[in-house]
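1. Quick check, what structure comes out for this input:
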Amino acid sequence: MNTNIWAKTILSSYRYLERIAGAIDKMVESSGINSRDMSGVAFSNNNILSLAEKMIDLSERKVKLINLKVLTENTLEMCGESFANILISKYLDGKRNADISQENNLSLRTYFRRLNDAEERFEQVLARKGFTYEKLDEYLKNEKWIMEVKNRLSLLRGGQELELSQTKLDRLAVS
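-> Next comes the predicted model:
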């Protein structure tokens, strides 16, 4: 099992949360606009109920993503400035490992040790907040795109970078 996998997953997902939430908003808006065109047989109670349920589900998904964003920000604050700076540079700003080590005047080996320590601290703070590995698996199991990020990260080795294309994000948002 890859160590710190949930820390890496949440941090890697952070920069995509607003885009996914925006895609959810567009789906809700589209559903609402399309509902006004319902008439005749398409206007049955079952269709209205299913449309309302879909819009509620999408809204609940968005709330979960916003909560994840706030959780990430609060957890970073509790990690301490030096750890938070490394995690922000790598995951939120998307900087390359070599660039971060150079900016901080660290050898690559020392940088990777500090990055690992920072990821461990992030995961420890999450656990203290009640978000253990098992809790996160349960909480985010229906967010297929986040589970995809987790699966991809567990396959990466060493300093490999994870990047999701906008097309991939759009596909994952509607799933």
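
2. Where in the protein is the helix or strand with the lowest mean pLDDT?
-> None of the helices or strands of the chain scores lower by mean pLDDT, DSSP states H and E than helix 166-174, at a mean of 58.

3. For burial, what's the neighbour tally of Lys69?
-> Lys69 has 16 neighbours, counted by other CB atoms under 10 Å. Backbone N, C-alpha and C define where each C-beta goes, glycine included.

4. before we move on, what about Val70?
-> 11.

5. SS state for it?
-> helix (DSSP: H, G, I helix; E, B strand; the rest coil).

6. What spatial separation is found between it and Lys54?
-> Plainly put, Val70 is 25 Å away from Lys54 if you go by CB to CB, to the nearest Å.

7. My guess is Glu123 contacts Thr9. True?
-> No - checked against CB atoms under 8 Å, the pair Glu123 and Thr9 is beyond contact range at 10.2 Å.

8. what touches both of the two?
-> Residues touching both Glu123 and Thr9 (CB atoms under 8 Å, 6 or more residues apart in numbering): there are none.

9. Please list all residues in contact with Tyr133.
-> Counting by CB under 8 Å, 6+ apart, the residues that Tyr133 touches are 5-6, 127.

10. Please repeat the previous calculation with a cut-off of 7 Å.
-> Trp6 (CB atoms under 7 Å, 6 or more residues apart in numbering).

11. Which pLDDT value belongs to it?
-> pLDDT recorded at Tyr133 is 89.
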